[in-house]
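Enquirer: sharing a sequence plus its predicted fold:
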Amino acid sequence: MVFGRKSKSPETERQGFVARLRARLNRGDGWLTYDLAQLAPGGNIDEDVLDELESGLVMADVGVDATERIVDELRRDLLRKELGDIDSLRDGLRRTMTGILLPVEAPLEIERRDSPFVILMVGVNGAGKTTTIGKLARRLKDQGLSVMLAAGDTFRAAAVEQLQAWGARNEVPVIAQQTGADPAAVVFDAYQAAAARNIDVLLADTAGRLQNQQGLMDELVKVKRILQRHDAEAPHEVMLVLDASQGQNALVQAEKFDAALGLSGITVTKLDGSAKGGILLAIAQKLGVPVRFIGIGEQAEDMQPFRAGEFVEALLAD
């Protein structure tokens, strides 16, 4: 898997991403893929249709809270006789879903500082955290920022090598120590090195861990505390990487990481998997943490900033 430098314009790349997002969210046989007309073969919208829609939303990982909000608003439309056909149902879904997602549409903004802007990357094993770091490093370099990587995942033998490969691919330095080293010490050494070299952004990898592994969660808290001894505002971004195909378990992960660290951003990967994107609505409704990026594949251009309107259109595409 080799990533060259970006040759397409940002807008062309974005248009291609939106087309792929629409195609990949709408394949298979889940509720978010088939024509809404199947809910109401006669074309009339009534309580039975909304009950079936409610079940479908829950099954599509939209979550109980977000589903209740969506269906309650649609029931009000029905009572006002504003929900007469499939087109009005689609419009109502578009409006309610966008209303849930717009508050978490918040692109990552890197502040120019005298010291490095530190992004602490967290998440469970298999969520795509290391790949996300590589894609983010490329994006930041394309924006004219200098970047350094910190190999804070010292528990997994291949983790340092993986991060070093991404560093070489993106031509950014990587600070690492041997397997089993203290992750907090690695991240602190990287912070000092980044400060000495006037690096703009330090991307710090951490060991993948389950949200119920308290010892490893405590290790993350320690990393954050060590950084704050030298910069009270660091880390300036705590970004959780979530695998969309994990469904409601992804929401549980987000809640646990947020409680331990105070998340400031989320990247959702593998939206070409089975969950079809409903989990973003659940997370937005329950936590309200900004969604920075979404990803649908392995290529660098397959990760793009989250935009609520585009995402909802992709969900509701025929």
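Expert: Received the coordinates, thanks.
Enquirer: wait, residue 250 sits on residue 283?
Expert: Yes: assessed by CB atoms under 8 Å, residue 250 is found in contact with residue 283 at 7.3 Å. For the C-beta atoms, the positions are set from N, CA and C on the backbone; glycine is no exception.
Enquirer: between those two, which contacts overlap?
Expert: Common contacts of residue 250 and residue 283 (CB atoms under 8 Å, 6 or more residues apart in numbering): 242, 268.
Enquirer: more neighbours: those two, which one.
Expert: Neighbours per residue, other CB atoms under 10 Å: of residue 250 and residue 283, the larger number sits with residue 283, 29 against 26.
Enquirer: need the three-state assignment for that one.
Expert: Secondary structure for residue 283, judged by DSSP: H, G, I helix; E, B strand; the rest coil, is helix.
Enquirer: OK, contacts around it?
Expert: Contacts of residue 283 (CB under 8 Å, 6+ apart): 104, 242, 250, 251, 254, 266, 268, 289, 291.
Enquirer: what pLDDT is listed against the fifth one?
Expert: pLDDT recorded at residue 254 is 93.
Enquirer: ok, the fourth one next?
Expert: Looking at residue 251, its pLDDT stands at 92.
Enquirer: what residues does it make contact with?
Expert: Counting by CB under 8 Å, 6+ apart, residue 251 has contacts 63, 279, 282, 283, 286, 287.
Enquirer: next, count neighbours for the residue nearest to the first one when sequence neighbours are not counted.
Expert: Excluding the flanking residues, the one nearest residue 63 by CB to CB, 6 or more residues apart in numbering is residue 282, at 3.0 Å. Residue 282 is surrounded by 25 other residues when neighbours are defined as other CB under 10 Å.
Enquirer: next: the one 5 residues further on.
Expert: As a burial measure, the neighbour count of residue 287 was computed by other CB under 10 Å and equals 16.
Enquirer: same check, this time on residue 207
Expert: Residue 207: 20 neighbours (other CB under 10 Å).
Enquirer: hang on, it packs against residue 183?
Expert: Yes: between residue 207 and residue 183 there is a contact at 6.6 Å, judged by CB under 8 Å.
Enquirer: overlap in contacts of those two?
Expert: 152, 153, 154, 155, 219.
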